[in-house]
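Novice: Sharing a model prediction with you, sequence too.
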Amino acid sequence: MDLVREALDVTPWGPEAYERARAELRGAMTESGTAQAAPVPAAIPLRGRRAARARNRRHPILGARGKIGIGAGVAAVAAAAAVMLATTSAPRSAAPAGPVAQAPAATSRLMTLAALIKSSNSALPGDASLVISKQVNGGKLMQVLYAVYTDDGKMYTGDDKQTLMAAVADNANQADASNAREIAAARSAAAGNLAAARVKMIDALPNCFELTLSGAAQEKARAACWARGAAARNEILREKGIKTPLKQPTGQVLQDDINNTLWTAATIGLNWGGSDPQIREGVLRLVSTIPGVTVASSTTGGQPTLTITAGPALFGGGGDQVLTVSARTGVPVSSVESGGGLATAVETNLVTRVSLAGIKAGKF
């Protein structure tokens, strides 16, 4: 936890890398009882969200996985936190399994908006999404991030127009396989089989849930996955003076972890493909299946919006995350993460449809 705290002061963090480390620190603080006792220094809040339950890897939004900024150091920090919180297995192919795959009632507000998006769908111009994010942590502006996501799965970032153009010119692709899995899961949800799409989105991020199995085989695989990380996990606990080993999550704690992972992966996908109506439709359908998520009408910048709140149950009781989207299109507007002993992180977004050729030419 000390390592992650110290690293949170490093600037700049790349897309998603900060958020993953911040979420995992928050989960570890909740687990160890230090959430309210140890304020964390202000840091760049890349899509600050998804304070993790203390046993699972958690969130991000954009998706660089530690390849920008401090590079391998970010990855090392995230990995250290991940070992503290859980050992994860490789992603698996998705298949519906158990109660976590159940579809919601089609009358929910998010399902209604998803239907509106589908009915309004028309020919999509361009070939990429441009997201300009203003990121504030503890009331302090930390950075403005420019990110472009192409329909063929590439991501380029910069801290202004010129550096984004340079990243595109240099083909400095920051995407990884998780991004492609998240987008594929969102498209699957929009296409129809929501139960299978839920599992597919959950397994977009590494985990020990073993949702493609069932019954005794699932329980055995979960236990084996948890056991594989025991030595490394316990070593870190000993270094921090924590004598009680973490317990493998079961029951409602396990269900909350699964739902946290679904929220995390789905909202990453929403920002990855925010200008694509099919992605927005699929993500809204998936988020509508998560218990503990509430939706309310709001107004942002004079326009009707929906505030989608993932409550404390998804984050080990350590705070919540509020995602605001357009009530007409589902385009993400902002994200606010609060609680869990960390400074409130606010990110506001401008999402537009662009062409990569236009980005190269500076026409944005």
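Specialist: Received it, and whenever you're ready, just let me know what you need. Residues are numbered from 1 along each chain as shown.
Novice: So Ser298, which state does it fall into?
Specialist: Of the three states, Ser298 takes strand under DSSP: H, G, I helix; E, B strand; the rest coil.
Novice: ok, now which ones touch it?
Specialist: By Cβ atoms under 8 Å, 6 or more residues apart in numbering, the residues touching Ser298 are Pro304, Thr305, Leu306, Thr307, Thr324. All C-beta atoms are positioned from the backbone trio N, CA, C, and that covers glycine.
Novice: Buried ones only from those residues, please, as a PyMOL command.
Specialist: Selecting the buried subset of the contacts of Ser298 in PyMOL, with 16 or more other Cβ atoms under 10 Å as the burial test, is done by:
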select buried, resi 305+306+307+324
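Novice: give me the number of residues near the nearest residue to Leu237 once chain neighbours are set aside?
Specialist: Spatial nearest neighbour of Leu237, chain neighbours left out: Pro245 (6.6 Å); criterion: Cβ to Cβ, 6 or more residues apart in numbering. If you count neighbours by other Cβ atoms under 10 Å, Pro245 ends up with 11.
Novice: how about Pro245, what does it touch?
Specialist: Going by Cβ under 8 Å, 6+ apart, Pro245 touches Ala230, Arg233, Asn234, Leu237.
Novice: Serialize those residues to a markdown table and add fields for pLDDT and distance to Glu219.
Specialist: Listed next are the contacts of Pro245 as a markdown table, based on pLDDT from 0 to 100; distance: Cβ to Cβ, whole Å:
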| residue | pLDDT | distance to Glu219 |
| --- | --- | --- |
| Ala230 | 88 | 17 |
| Arg233 | 84 | 20 |
| Asn234 | 85 | 22 |
| Leu237 | 85 | 24 |
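Novice: buried stuff in stretch 125-136?
Specialist: For stretch 125-136, the neighbour count (16+ other Cβ under 10 Å) marks Gly126, Ala128, Ser129, Leu130, Val131, Ile132, Ser133, Gln135, Val136 as buried.
Novice: try stretch 343-360
Specialist: Ala343, Ala345, Val346, Glu347, Thr348, Asn349, Val351, Arg353, Val354, Ser355, Leu356, Ile359.
Novice: so where's the longest helix in the chain?
Specialist: When the chain is parsed with DSSP state H, its longest helix is helix 251-272.
Novice: quick one: the strands in the stretch 201-350 of the chain?
Specialist: Using DSSP state E, counting those that start in this stretch, the strands assigned to the stretch 201-350 of the chain run over residues 293-300, 303-310, 320-326, 332-339, 342-354.
Novice: can those go into TSV with extra columns for mean pLDDT and distance to Thr267?
Specialist: Output for the strands of the stretch 201-350 of the chain, formatted as TSV (pLDDT from 0 to 100; distance: least, Cβ to Cβ, whole Å):
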stretch	mean pLDDT	distance to Thr267
strand 293-300	96	11
strand 303-310	97	9
strand 320-326	96	6
strand 332-339	93	8
strand 342-354	93	11
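Novice: Nearest to Gly215 among these would be which one?
Specialist: Among the strands of the stretch 201-350 of the chain, the nearest to Gly215 by Cβ to Cβ is strand 293-300 (28.3 Å).
Novice: my guess is Leu145 is in a strand, correct?
Specialist: Yes - with three-state DSSP as the criterion, Leu145 is part of a strand.
Novice: is it true that it touches Ser133?
Specialist: Yes - here Leu145 lies in contact with Ser133, judged by Cβ atoms under 8 Å, at a distance of 4.5 Å.
Novice: Chain neighbours aside, what residue packs nearest to Leu270?
Specialist: Computed as Cβ to Cβ, 6+ apart, the closest residue to Leu270 that is not its neighbour in sequence is Val283, at 4.3 Å.
Novice: All set, thanks.
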